[in-house]
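1. model this:
(chains A and B)
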Amino acid sequence: MTQSDQNKVSMRRAPDILFPLVLAALLLGAWEGAIHYWQVPHYVLPAPSAIAHALCANFGSLMESLGSTLAVTLQAFAASTILGVATAIAFTQSRLIERTLYPYAVILQVTPVVAIAPLILIWVGFERINLALVIVATIVAFFPILAGATLGLKSADFNLLDLARLHGASRLQILWRIRLPTALPYLLSGMKTAGGLALIGAVVAEFVAGSGTATGLAWRIVESGNRLEIATLFAALALLAFTGVMIFAALSLLEWTLLRRWHESALGEAT
Amino acid sequence: MTLLSLSAVAKRFSNGTQALRDLSFTVAPGEFVSLLGPSGCGKSTALRLAANLLAPDSGAITFPTGKPEIGFVFQEPTLMPWADALANARLPLDLQNAPRGQATDRAASALARVGLAGFERALPRELSGGMRMRVSLARALVARPKLLLLDEPFAALDEITRAQLGDDLLRLWREDGLTILFVTHSVSESAFLSQRVLVMTPRPGTITADIALDTDLARTRDGRLSPATIEAQRAISAALNGAGALV
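-> A predicted model of the protein is given here:
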């Protein structure tokens, strides 16, 4: 791709960034105007300026809370990725393992995590609250990784697998050279879903853990709500949304970097 | 001398279809043999049995002079989309844990032999259908096989590309002293390329005619249209019609 082609692409992409920003400015302006026009009390709906003020005033403590939630999210995301890929590999190596374990993976997926979070907190113990939070968030993020990786590992070209066997490939060689690269696009798609779910899982776990123990953004939301500091609540909420978007953006970038040369899903964006 | 021998081979699929029954034939070293039949007559199954990718229900597949190194080419190029032409051609050597530098050199020379010098770094999606099939051919040749098994390798290509690849295949066969078993449903292709044509009947597949061709007459510059080739086509077609297949 030449320089001028690249410029053309970025010009064509400019609306993707510009249009949502213009909409955001319009909505925030309307919001700000409406609050002042109708004199809405700040404990019902604060103006964007008040939220920005709350964000600045509590910046240090909010950042600390963000760090705490982000740490749980990233640990859970890493754990679910490792566990999900390992389980998917076990599934593709043995039909017996898959038949035996798959129903339990589904049960884990369909059981509302809010319902099992209190149990996990009790079993792990409040003195190891971070571990409990990570476990809850891992359970939430695990399934899309497992589903994506399993589908991907099974999608390997049968003829290519036959060819590898013809040349005496071991199971490990087939896994490493053919199955895992085939699975990569599916896995990355699962990871994009799981990244968002890990954040949701971390927030849900913090809500369940409740007062005194959790220090993350979810707890700040509960606390601000109780104190009717709605502007701080909105600030925490905005930080959570921003974190979610950043996780998604980072994983999209990873996906594009790894697939852009060969996979249709990434090729489409370059043309 | 016999390189490959199938005797009274039968194969039934898990869905109950009798794919092959009492299939027997031999291939001599250095021979170019076509296995010709209508779609679904079990020719691909026979090829997979010869490559030991399938096991027969009964009968025996033997290599009297010892099991040779086998190269296999599928109907589709069957390349790894994430790997460049060089890495695709090198795959058999990589799987045999050959030293990397040596494997790369051999893969590069295999690509050069199929006319793809300079395309080592190209990904499959950047290559035309014919070039992808050439990469597939280079991959089959890279481990220096004695026996080359081809499963309708040119069926998905346009006629011009197919003719070029056919000529190249003949050149490689002569240069390397390869033994080739070539599955096809094209009468003209089998008549031009091979020394012997085995005609198969459909369901259950078995061989009804074994036609030896005078190839020295056929393979001149305009061999595809030479009287000898046309005559061979007529004989093969007659055998196919006798086998109850529509041509």
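
2. Which parts of the chain belong to which domain?
-> With no chain named, the answer covers chain A. According to automatic domain parsing, chain A is divided into the following domains: A:1-38, A:47-270.

3. I was thinking of chain B, sorry if that wasn't clear
-> By the record's domain assignment, chain B is partitioned as B:1-68+B:146-247, B:78-144 (automatic domain parsing).

4. among these, which gets the worst mean confidence?
-> Per-stretch mean pLDDT for the domains of chain B is lowest at domain B:1-68+B:146-247 (a mean of 86).

5. Run through the residues that contact the closest residue to residue B:78 other than its chain neighbours.
-> Nearest in space to residue B:78, with sequence neighbours left out and distances taken as CB to CB, 6 or more residues apart in numbering or on different chains, is residue A:159 at 4.4 Å. Quick note: C-beta positions are derived from backbone N, CA and C, even for glycine. Residues counted as contacts of residue A:159 (CB atoms under 8 Å, 6 or more residues apart in numbering or on different chains) are B:74, B:76, B:78.

6. Give the helix, strand or coil label for the residue nearest the centre of chain B.
-> Central residue check for chain B by CA atoms, centre = their mean: the C-alpha nearest the mean position is that of residue B:150, 1.9 Å away. Classification of residue B:150 by DSSP: H, G, I helix; E, B strand; the rest coil places it in strand.

7. How much space separates it from chain A?
-> Residue B:150 is 13 Å from chain A, where distance means CB to the nearest CB, to the nearest Å.

8. same check, this time on residue B:49
-> Going from residue B:49 to chain A by CB to the nearest CB gives 12 Å.

9. List of residues touching the helix or strand in which that residue is found?
-> Secondary structure assignment for residue B:49, by DSSP states H and E: helix B:43-50. Helix B:43-50 is contacted by residues A:162, B:4, B:6, B:9, B:11, B:19-20, B:23, B:35-37, B:54-56, B:61, B:72, B:147, B:149-152, B:181, B:183, B:185, B:200, B:205 when judged by CB under 8 Å, 6+ apart.

10. Stretch A:21-37 now?
-> With CB under 8 Å, 6+ apart, stretch A:21-37 has contacts from A:40, A:45-49.

11. Make a markdown table from these and add pLDDT, secondary structure and distance to chain B to it.
-> Output for the contacts of stretch A:21-37, formatted as a markdown table (pLDDT from 0 to 100; DSSP: H, G, I helix; E, B strand; the rest coil; distance: CB to the nearest CB, whole Å):
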| residue | pLDDT | secondary structure | distance to chain B |
| --- | --- | --- | --- |
| A:40 | 90 | coil | 55 |
| A:45 | 91 | coil | 51 |
| A:46 | 93 | coil | 50 |
| A:47 | 93 | coil | 51 |
| A:48 | 94 | helix | 46 |
| A:49 | 93 | helix | 50 |
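
12. Now the buried members of the contacts of helix B:43-50.
-> Neighbour-count burial (16 or more other CB atoms under 10 Å in any protein chain shown) is assigned, among the contacts of helix B:43-50, to A:162, B:4, B:6, B:9, B:11, B:19-20, B:23, B:35-37, B:54, B:56, B:61, B:72, B:147, B:149-152, B:181, B:183, B:185, B:200, B:205.

13. Do I have it right that residue A:182 meets residue A:157?
-> Yes: the criterion here is CB atoms under 8 Å, and residue A:182 meets it with residue A:157 at 7.3 Å.

14. more neighbours, the two?
-> Taking neighbours as other CB atoms under 10 Å in any protein chain shown, residue A:182 and residue A:157 compare with residue A:182 leading, 21 against 17.

15. and the more buried one, what is it in contact with?
-> Applying CB under 8 Å, 6+ apart to residue A:182 gives the contacts A:152-153, A:155-157.

16. filter those residues to the buried ones?
-> Buried among these (16+ other CB under 10 Å): A:152-153, A:156-157.

17. Columns secondary structure on top of those, output as JSON lines?
-> Output for those, formatted as JSON lines (three-state DSSP):
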{"residue": "A:152", "secondary structure": "helix"}
{"residue": "A:153", "secondary structure": "helix"}
{"residue": "A:156", "secondary structure": "coil"}
{"residue": "A:157", "secondary structure": "coil"}
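
18. Can you pull the residues of the stretch 151-271 of chain A lying near chain B?
-> A:157, A:159-160, A:162-169, A:173, A:177-178, A:181, A:184, A:261-263, A:267 (CB under 8 Å from any CB of the partner chain).

19. Where do the helices of the stretch 101-250 of chain A begin and end?
-> In the stretch 101-250 of chain A, the helices defined using DSSP state H, counting those that start in this stretch lie at A:113-124, A:129-154, A:158-166, A:171-174, A:180-209, A:217-226, A:230-259.

20. how big is the angle separating the second one from helix A:180-209?
-> Right, the one you point to is helix A:129-154. Interaxial angle, helix A:129-154 versus helix A:180-209 (axes from the mean of the first three to the mean of the last three CA atoms, to 10 degrees): 150 degrees.

21. Tell me which other helices or strands helix A:129-154 touches.
-> Applying 3 or more CB pairs under 8 Å, 6 or more residues apart in numbering or on different chains; DSSP states H and E, one finds that helix A:129-154 contacts helix A:59-93, helix A:95-110, helix A:113-124, helix A:180-209.

22. Residue B:113 is in contact with residue B:172, isn't it?
-> Yes: Residue B:113 is within contact range of residue B:172, at 6.8 Å (criterion: CB under 8 Å).

23. what is in contact with the two at once?
-> residue B:141.

24. wait, what's in contact with residue B:37?
-> Residue B:37 neighbours (CB under 8 Å, 6+ apart): B:43, B:185, B:199-202, B:205, B:240, B:243, B:245.

25. got the phi/psi numbers for it?
-> When read as degrees, to the nearest 10, the backbone of residue B:37 gives phi -180, psi 170.

26. mind checking how far it is from chain A?
-> Plainly put, residue B:37 is 20 Å away from chain A if you go by CB to the nearest CB.

27. how much space between that residue and residue A:85?
-> Distance, residue B:37 to residue A:85, by CB to CB, to the nearest Å: 44 Å.

28. Just give me the lowest mean pLDDT stretch among the domains of chain A.
-> Note on the domains of chain A: domain A:1-38 shows the lowest mean pLDDT, a mean of 79.

29. neighbours around residue B:8, how many?
-> 13.

30. Skipping its backbone neighbours, what lies nearest it in space?
-> The spatial neighbour of residue B:8 that comes closest, neighbours along the chain excluded (CB to CB, 6+ apart), is residue B:59 at 4.2 Å.

31. contacting residues around residue 65?
-> Defaulting to chain A. Counting by CB under 8 Å, 6+ apart, residue A:65 has contacts A:215-217, A:219-220, A:236.

32. Oops, wrong one, chain B.
-> Residue B:65 is in contact with B:1-3, B:29, counting by CB under 8 Å, 6+ apart.

33. Might you enumerate the residues of chain B proximal to chain A?
-> Checking chain B against chain A by CB under 8 Å from any CB, the hits are B:48, B:51-53, B:70, B:72, B:74, B:76, B:78, B:80-83, B:91-92, B:94-96, B:123-125, B:139, B:143.

34. Tell me which entries of the residues you listed lie within strands.
-> Members of the residues of chain B next to chain A lying in strands (criterion: DSSP state E): B:70, B:72.

35. Pull out the buried positions in the longest helix along chain B.
-> Looking across chain B with DSSP state H, the single longest helix is helix B:159-176. Within helix B:159-176, the residues that count as buried by 16+ other CB under 10 Å are B:161-163, B:165-166, B:169-170, B:172-173, B:176.

36. now stretch A:79-86
-> Using 16+ other CB under 10 Å as the test for burial, stretch A:79-86 gives A:79-81, A:83-85.

37. That one: how far from the chain's middle?
-> Put simply, stretch A:79-86 sits 14 Å off its chain's centre (CA atoms, centre = their mean, to the nearest Å).
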